[in-house]
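Trainee: Quick one, fold the following:
(one chain, ligands or ions: 1)
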Amino acid sequence: MDLRMDDQRFAPDRVRAALSAAGIDARIEEFPSSTRTAQEAATTVGTSVGQIVKSLVFLADTSPVLALVSGVNRLDTERLGTLTGAAIGKADATTVRQATGYAIGGVPPIGFPAPIPTFIDRDLLQYDVVWAAAGTPRHVFPIAPGELLRITGGRVADLATDKTI
Ligand code: 5CA
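Mentor: Predicted coordinates:
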């Protein structure tokens with residue numbers, strides 16, 4: 001059996017362990033239908049798109065950074081550049097997998113092989129609960145935004161360039 005650290009079969013277990021280590025007894029939910037995109041996740045979970053956390057990986061110069069963005073928002077990469085003081089480039093699928101240990105569509109907010117500097121969309125803070133990916137395109141978990149802040153050590157910022165819906 002392949003027990004590589006990035007083995008996607010165990011992705012939700014790795015997320016659960018990371019959450020547990022951070023003091024969160026997560027209710028990771030597995031769905032038969034896709035939660036790959038924010039819209040699909042909202043429909044599947046039965047919540048608003050704004051309450052879905054997009055985990056967007058970028059390269060700041062050559063280092064990965066993570067932006068946790070409300071599903072209704074489009075990330076302002078110029079703003080991320082100002083925040084990081086670096087040139088921002090989009091990470092390709094391979095880079096995302098290497099940096100996070102997870103495939104696009106399932107990237108969680110924590111549980112990485114090495115810490116990734118994290119920025120959190122201020123718009124997420126308005127909700128009682130938000131839903132983030134838990135390692136695969138069919139696993140998500142609910143979390144209070146304040147807890148998301150705490151466990152990621154993320155910096156809250158105005159990250160949205162415009163509303164997509
Ligand atoms: N499970 C859902 C919601 S919890 C989820 O992971 N959404 S997401 O927005 O965080 O992940 C999809 C994002 O991955 C897209 O918004 C897009 O920014 C990025 N993405 C999709 N395809 C690619 C690709 N080929 N290369 C780089 N990034 C991609």
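Trainee: alpha carbons only for contacts and neighbour counts from here, please
Mentor: OK.
Trainee: Report pLDDT for the residue nearest to Ala60 when sequence neighbours are not counted.
Mentor: If you skip the residues right next to it in sequence, Ala60 has Ile88 as its closest partner in space, 4.7 Å away by CA to CA, 6 or more residues apart in numbering. According to the per-residue confidence, Ile88 scores 97 in pLDDT.
Trainee: show me the contacts for Ile88.
Mentor: Shown here is Ile88, whose contacts under the criterion CA atoms under 8 Å, 6 or more residues apart in numbering are Phe58, Leu59, Ala60, Asp61, Thr77, Glu78, Leu80, Gly81.
Trainee: Centre of the chain to stretch 98-108, how far?
Mentor: Once both centres are worked out by CA atoms, centre = their mean, to the nearest Å, stretch 98-108 turns out to sit 9 Å from its chain's centre.
Trainee: is any part of that stretch close to the ligand?
Mentor: Yes - Stretch 98-108 is in contact with the ligand by CA under 6 Å from any ligand atom, via Ile104, Gly105, Gly106, Val107.
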